[in-house]
Structures are given as C-alpha cells and as structure tokens.
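Below: sequence and its predicted model.
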Amino acid sequence: EVFSQIEEKDGQIHAYLDTYKKEAYARAKEVQKGIDEGIYTGPLAGVPIAVKDNICVQGKPTTCASKILEGFVPQYQAEVIDRLEKAGMIIIGKTNMDEFAMGSTTETSAYGVTRNPWNKEHVPGGSSGGSCAAVAAGEAYLALGSDTGGSIRQPSSYCGVTGLKPTYGTVSRYGLVAYASSLDQIGPVGKDVADCAALLEVIAGHDPKDSTSIDRHDLDFGKEMTDKIAGMKFGVPKEYLAEGLSPDVKDAFMETLKVLTQMGAIVEFFSVKTMEYMIPAYYIIASAEASSNLERFDGVKYGYRAAEYDGLHDMYKRTRTEGFGEEVKRRIMLGSFVLSSGYYDAYYLKALRTKALIKKEFDEAFEKYDVLLAPAAPYTAPKLGESLKDPMAMYLGDIYTVAVNLCGLPGITVPCGKDKIGLPIGIQMIGDCFMEKKILRAAHAYE
Ligand code: GLN
C-alpha cells in the first residue's frame, strides 16, 4: 500500500532518493512467516519504514544527498538498522535530506528538492524533510530522521507529523554519517505519538560500537502514556514569544497553552537570559565538528573522485571542490576558521563556555518544571527558493530547536494547528535528560 502511494505521489513530492520495492515484498513474506512462527512478536513487525539517507544500510547506496558520496555503498550498517530488522520492520527506501544534514529546507540536496505534501510550492523543512514528507503523504507509516539542531522537530512541524529527538546517547550513532558528533541523534518520525514511542523502543539501547551510547534501563517508552496531565508543570520561556515569531504560530501556540491548562496542567512563564547566544554557539560548535568529520571525504575511500587531476593534492582539492555543495563548503570554512590557532579561544572555546551557561539555565528550569514548551519554528514552511537567498536568516530560523541539542535534551514536536493558508504548525515539548516518558505522556495527552 505504501508503494502505491509512492508511485502515485513521489514523482511530485520527491521524498525518496531510492526505494526497494522488490526486496520489501520478499522481506514482507519472510516476516509474515516469522510472525506466524513467533519469531517476531513486537508491535512493529511487518511495518514498512523509510530511512534518512545519512543512515547506512548494508549494500545500499548512502549519499547524504551529496555528490561526494555518489556511488558509495557501505559494507556495514547502522546499529539502528540491525534493530529495525530484528523487530521485523521492512525498510522501503532512503529519504531525501539537506546535504550532510546541513540546512533547514531539504533544498541543499544535490539530488533535487522535496516538496511539502500540504502545499507543493512550499518546502517540507529540513534536514529530515524527505522522512517527514514521506510520512505526511502516506508514503511511509514511520521513518527515521536525524536531529543535530532541529532536523527532526522542525520538518515534523512543517509537515504536520510527529517527530522525536531522544536524549543524547539513547540511540546509537554507529552507522550514522556524522555531521556534529556531540549533537547528532537519530529519532523516530510518525503519524502520532504512540507510533513514535513504539519506534523509539525498537531503536534505543546501549551499543558498545558507539562510545557515547548510554546504558539506560528505562526504555519502555510507551508505558506511561496515560492521558492524565493534571498537575504536570509546564514552563514557557517568555523570551521565545518576543520578536520574530509569526502571528499564526504565536496564536496556535497560545491556544495550546490554554488547552493544556484546561486539562489541569499548570503552565507558567519563566525567563531565559541566554536566548541570543543559542544560534551563535550552535553554529560555531556544529560547524567546527562538521569541518573535522568531513575531512574524510577526499576522493580516496568514499564515493566521488574528480575525473581529472594533477597529483594527490590536486585530486583532494578537485574532488572536494566538485563534490561538496555551497552550504557544506560554507560550514567547512566556518568550522576551520573557528578552530584555527588564534581564533580558537575567541570563538570555539567561547562557544563551549556559552553552551555550559545555556545548559545551566535549562537545568534550573527543570528544577521547577516537568516539561518546557516552545514553538518548533518561528514560522510555517517557507516557499521553495526563499530560504537559500539568505543563509543567516535561515540559521536564525533554528532558534527554538538548537538549545535542545546543545544540552542533550529530548524534544518532541506534535501538530497544534494550521496557519492562514492551511500549512501545519507544531508545538515542541522538551524534557530534562532521560525524561522521554514525560514528554511522550504530555504529547500523547495533548494530541
Ligand atoms: N538547520 C540546522 C543546521 O543546518 C540543523 C540541522 C540538523 O539538525 N541536522 O545545522
């Protein structure tokens, strides 16, 4: 059924970079047999799932939507893919994204843009735009995305689906092509909260192959999704509602606060002093790590190599010049600059200190509140082509999502309304580290 949707719609939406119809049908038969024999017992056995193209599936091209990985076929696969297979899930294809997950619109892909299923003149958000558009269009029931600075939560908001970024260390990053290793997390995208919780249970868990993986013993995420949130304390950073927030998003957000209050929750405003430092700290740290992580793409081991060159250094240079897109080059330059001697203290070190201050503010907030509420993005999905003109403006659009990554916190986006032209709006619920169950409970009760 998902394949008929893909055949009908993906010509226009372009959520997928690659699909595996034949294998998926063969696998479905195998899984059905496994279910009958009691091998697969979980709730997601037999469920088709789409995977963002920065997650390695053995024997399948993994491009990160970059020309530089053209032709790269991994000999190994991500831990999350092993876990999907063990649960009897069926991988149906790889989804489009911003190149190396750098961007907020899925327009920096080297393989064409993805369109928002609600309005094809608009972007689906990014960088997990393909995954979110696929779920929104019924071209997948579930999808995996990755979130370094909002890349699951923001496109989920633009596409009217539910997406969760887990606590850092909860889901193994083994086999995820690294963007910014200290911020990256893989997470679920689905039609509702219960689906996301079920998928998170499948993919979460300790993995010795990822040195930042945490051995948690509270991975039964679906358990506390009672619909009761009376007495739960929600905090709203009041600075988040000041300038820059579009009236439609603000109205939908305020309406949600009302609904939560009517459900018996306590909603209070509090103040954050570090808001203006969140974007600079994030872009310095993320670019610094990216410049280091992307060093390996030099034309020797992976994918693309320039056709003509004059010696080794020229081969590196031409391969990288031809292989990387403009946004990725911008990040590499920014990252190399902030790490270079003479500027390291002034930029990179300062960004790390700033991150510590931001974390302290969130720690203090979680002494008072169970869950923090924020918009997922300052506006609804922009029109195609609008965002690339002004990268700074695009970076500023990540204001509500990046602090969550800097602090390693879990966050979920659930739909909370529509704007004047019918584009979806999402609300973000943020928990303290390891408090996925609280945000799942709140989001489930609200949705
Ligand atoms: N838009 C942000 C960036 O470009 C976040 C991307 C992400 O989470 N992968 O860095």
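Looks like it came in fine.

can you pull the contacts of V371?
Shown in contact with V371 (C-beta atoms under 8 Å, 6 or more residues apart in numbering): M232, K233, F234, G235, M429, I430, G431, M435, K438, I439, A442. Where C-beta positions appear, they are placed from N, C-alpha and C, glycine not excepted.

Need the buried ones from these selected in ChimeraX.
Per 16 or more other C-beta atoms under 10 Å, the buried members of these correspond to this ChimeraX selection:
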select :232,234,235,429,430,431,435,438,439,442
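
among the contacts of V371, which are in helices?
Taking DSSP state H as the definition of helices, the contacts of V371 contribute K438, I439, A442.

Among these, which ones lie close to the ligand?
By C-beta under 6 Å from any ligand atom, no member of those lies near the ligand.

Now render those residues as a markdown table, adding pLDDT.
Below are these laid out as a markdown table (pLDDT from 0 to 100):
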| residue | pLDDT |
| --- | --- |
| K438 | 97 |
| I439 | 97 |
| A442 | 97 |
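
pLDDT score for the residue nearest to G222 when sequence neighbours are not counted?
Spatial nearest neighbour of G222, excluding adjacent residues (C-beta to C-beta, 6 or more residues apart in numbering): A197 at 4.3 Å. Looking at A197, its pLDDT is 98.

what helix or strand is A197 on?
Take DSSP states H and E as the rule and A197 turns out to sit in helix 193-203.

So what touches that helix?
Helix 193-203 is contacted from outside by 42-44, 49, 80, 83-84, 87, 89, 141-142, 144, 162-164, 166, 171, 186-190, 219-222, 225, 412, 414, 436, 440, 443-444, 447, using C-beta under 8 Å, 6+ apart.

Buried residues, stretch 48-61. List them.
Within stretch 48-61, the residues that count as buried by 16+ other C-beta under 10 Å are P48, I49, A50, V51, K52, D53, N54, I55, C56, V57, K60, P61.

Which of the contacts of helix 193-203 fall in helices?
Using DSSP H, these in helices are V80, R83, L84, E436, L440, A443, H444.

which of the residues you listed lies closest to D419?
Ranked by distance to D419 (C-beta to C-beta), these are led by A443 at 20.7 Å.

That closest one: what's it in contact with?
T162, V193, I412, V414, M429.

And A136, by the same measure?
Contact analysis of A136 by C-beta under 8 Å, 6+ apart lists N116, P117, W118, P124, C159, G160, V161.

got a markdown table for those, with pLDDT too?
A markdown table is the format used below for the contacts of A136 (pLDDT from 0 to 100):
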| residue | pLDDT |
| --- | --- |
| N116 | 98 |
| P117 | 98 |
| W118 | 98 |
| P124 | 98 |
| C159 | 98 |
| G160 | 98 |
| V161 | 98 |
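
I'd like those residues laid out as JSON lines, including distance to the ligand.
Output for these, formatted as JSON lines (distance: C-beta to the nearest ligand atom, whole Å):
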{"residue": "N116", "distance to the ligand": "16"}
{"residue": "P117", "distance to the ligand": "20"}
{"residue": "W118", "distance to the ligand": "20"}
{"residue": "P124", "distance to the ligand": "13"}
{"residue": "C159", "distance to the ligand": "15"}
{"residue": "G160", "distance to the ligand": "19"}
{"residue": "V161", "distance to the ligand": "16"}
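
out of these, which one sits closest to K22?
For the contacts of A136, the nearest to K22 is P117 (25.4 Å; C-beta to C-beta).

Which residue ranges of the stretch 51-200 of the chain form strands?
For the stretch 51-200 of the chain, the strands defined by DSSP state E, counting those that start in this stretch cover 90-95, 142-147, 162-165, 185-190.

Quick check: which of those strands is buried the most?
The highest average neighbour count among the strands of the stretch 51-200 of the chain, using mean count of other C-beta atoms under 10 Å, belongs to strand 162-165 at a mean of 32.

what residues does it touch?
Taking C-beta under 8 Å, 6+ apart as the rule, strand 162-165 contacts 128, 132, 145, 147, 152-153, 155-156, 185, 187-193, 195-196, 200, 404-405, 410-415, 436, 439-440, 443, 447.

S246 contacts P375, doesn't it?
No: counting by C-beta atoms under 8 Å, S246 stays clear of P375, with 9.0 Å between them.
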